[in-house]
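Engineer: need a 3D model of the following:
(one chain, ligands or ions: 2)
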Amino acid sequence: MSFLTASSKNDEIENMSLLEKMSEHEQVVFCNDPSTNLKAIIAIHSTKLGPAIGGCRMHPYESFDEALDDVLRLSKGMSYKCAAADVDFGGGKAVIIGDPLTDKSPELFRAFGQFVESLGGRFYTGTDMGTTMEDFIHAMKETNNVVGIPEAYGGGGDSSVPTAESVIYGLKATNKMLFGNESLQPVTYAIQGLGKVGFKVAERLLKEGATICVSDVNVDSIQAIQEKAAQTSEGTVTIVETNEIYSQKADVYIPCAMGGIINDTTIDQFQFKAIAGSANNQLLEEKHGIELAKKGILYAPDYIINSGGLIQVSDELYGANKERVLLKTKEIYNTILEVYKQADLYQISTVEAANQLCERVMANREKRNSFYTRSISPKWNLRH
Ligand SMILES: NC(=O)C1=CN([C@@H]2O[C@H](COP(=O)(O)OP(=O)(O)OC[C@H]3O[C@@H](n4cnc5c(N)ncnc54)[C@H](O)[C@@H]3O)[C@@H](O)[C@H]2O)C=CC1
Ligand SMILES: O=C(O)CCC(=O)C(=O)O
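Structural biologist: Residues are numbered from 1 along each chain as shown. Ligands and ions are numbered 1, 2, ... in the order given. Sure thing, here's the model as predicted:
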């Protein structure tokens, strides 16, 4: 197993550009284990509010740069997510370069667990796109710094359950802002991605009697939602091609797959009144948030509406408690409504309003917290 941090300097010019890329981040760790073929990157954006926390994504990235850009953006988003959800953690995230359908093995996740352990409690991780709780049961054999684990192992269970719940609260707040009524049923929705989160959101909306259209690259998920719809007499589902989801005539677009889906190409196709889904990093660039506002499309900032999972996995470190998670997740309704109102009042985008809210929280809390290391006696009652 070899261990290389971004601060090692073999090629000065190349590493300088790497350091510039990570200029907002505290630490980036490149993990390479030839015996299991693990190639991963762990990015810690900030530990000012507490140890970094964030899931681990597995994806067949086409290039190293693509993986690095993804993990840097995702980990920064986690710092904002932690501030918005008011949890005492900082932003981190990991990516494993590989195909989740063909490249997984127990040994690969154990090797990943060893790298997480090597960070000495500065980083806690769990599932994200392409990874499951079962993968982290293997990682847990090497480190305690894993969250989002099954109840049978002392965890809070599947974190996509509270994430889907937080999306539902976000949709209610969005409907309240748009239509003056939080009811889910009379509104039409376009859902992209029927994975761990998207499927649960789709199921709930069907149960409420809503009209949804959905897309997924995975035919099994499409079949499963059709079967669900056949079992409920209330809601209706239409299947659309993956590239057609952006131009659907639905009230609300719910992205629950990959990020970067709000960009120059897709914005022109949008006829939606709002966008409110779980995908991380939905905006390709910050400017796209402003463009949505100019187009009059209400946008629920991703790092707030999808924070149910974070709330659960961080709670797990204090001893998992479902009631506490539910109470905190419910708050997302108020936070999103507050962001919408602030954006409206100051005529700014919802992204600007959300960032300002989080930066205020971070500035206030930074005054009380310092750089986290294990040697400072933690005020967090974390698993060791
Ligand atoms: N799982 C969780 O608790 C959390 C997830 N998120 C974010 O929510 C999003 C979804 O996460 P999960 O449901 O956990 O992932 P997942 O891997 O279980 O599901 C993703 C789904 O999207 C589908 N998909 C992939 N490419 C697609 C395309 N081009 N068009 C339509 N569908 C496509 C996949 O086939 C899969 O069904 C990700 O962006 C993730 O980072 C954010 C916070 C927490
Ligand atoms: O593990 C989780 O589901 C929550 C943490 C996270 O990585 C996220 O919210 O994106």
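Engineer: any regions of the stretch 1-150 of the chain where pLDDT drops low?
Structural biologist: 1-16 (pLDDT under 70).
Engineer: so which bits of the protein are right by ligand 2?
Structural biologist: 54-55, 81, 126-128, 148, 159, 163, 280, 306, 309-310, 313 (CB under 6 Å from any ligand atom). All C-beta atoms are positioned from the backbone trio N, CA, C, and that covers glycine.
Engineer: put the buried members of those residues into a PyMOL selection.
Structural biologist: Buried residues within the residues of the chain next to ligand 2, by 16 or more other CB atoms under 10 Å, are selected in PyMOL with:
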select buried, resi 54+55+81+126+127+128+148+159+163+280+306+309+310+313
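Engineer: export whichever helix or strand Glu352 is part of as CSV, just CAs?
Structural biologist: Following DSSP states H and E, one finds Glu352 within helix 350-366. Provided in CSV are the C-alpha atoms of helix 350-366 (Å, rounded to 0.1, in the frame of the first residue of the first chain):
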residue,chain,number,x,y,z
THR,A,350,-31.5,31.3,-3.7
VAL,A,351,-27.9,30.1,-4.0
GLU,A,352,-26.6,33.4,-2.8
ALA,A,353,-29.1,33.5,0.0
ALA,A,354,-28.2,30.0,1.1
ASN,A,355,-24.4,30.6,0.9
GLN,A,356,-24.8,33.8,3.0
LEU,A,357,-26.8,31.9,5.6
CYS,A,358,-24.1,29.2,5.8
GLU,A,359,-21.2,31.6,5.8
ARG,A,360,-22.8,33.5,8.7
VAL,A,361,-23.1,30.2,10.7
MET,A,362,-19.5,29.2,9.9
ALA,A,363,-18.1,32.6,10.9
ASN,A,364,-20.0,32.5,14.2
ARG,A,365,-18.9,29.0,15.0
GLU,A,366,-15.3,29.4,13.9
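Engineer: what sits up against that helix?
Structural biologist: 48-49, 79-80, 83-84, 86, 88, 283, 286, 289-290, 293, 298-301, 303-304, 335, 338-340, 342-343, 346 (CB atoms under 8 Å, 6 or more residues apart in numbering).
Engineer: which among those residues end up buried?
Structural biologist: Members of those classed as buried by 16+ other CB under 10 Å are 48-49, 79-80, 83-84, 88, 283, 289-290, 293, 298-301, 303-304, 335, 339-340, 342-343.
Engineer: still on that earlier bit, just the buried residues of the helix holding Glu352, please?
Structural biologist: Neighbour-count burial for helix 350-366 flags Thr350, Val351, Glu352, Ala353, Ala354, Asn355, Leu357, Cys358, Val361, Met362, Arg365 (criterion: 16+ other CB under 10 Å).
Engineer: now, which of these sits nearest Glu182?
Structural biologist: Thr350 (17.4 Å; CB to CB).
Engineer: good, we can wrap up now.
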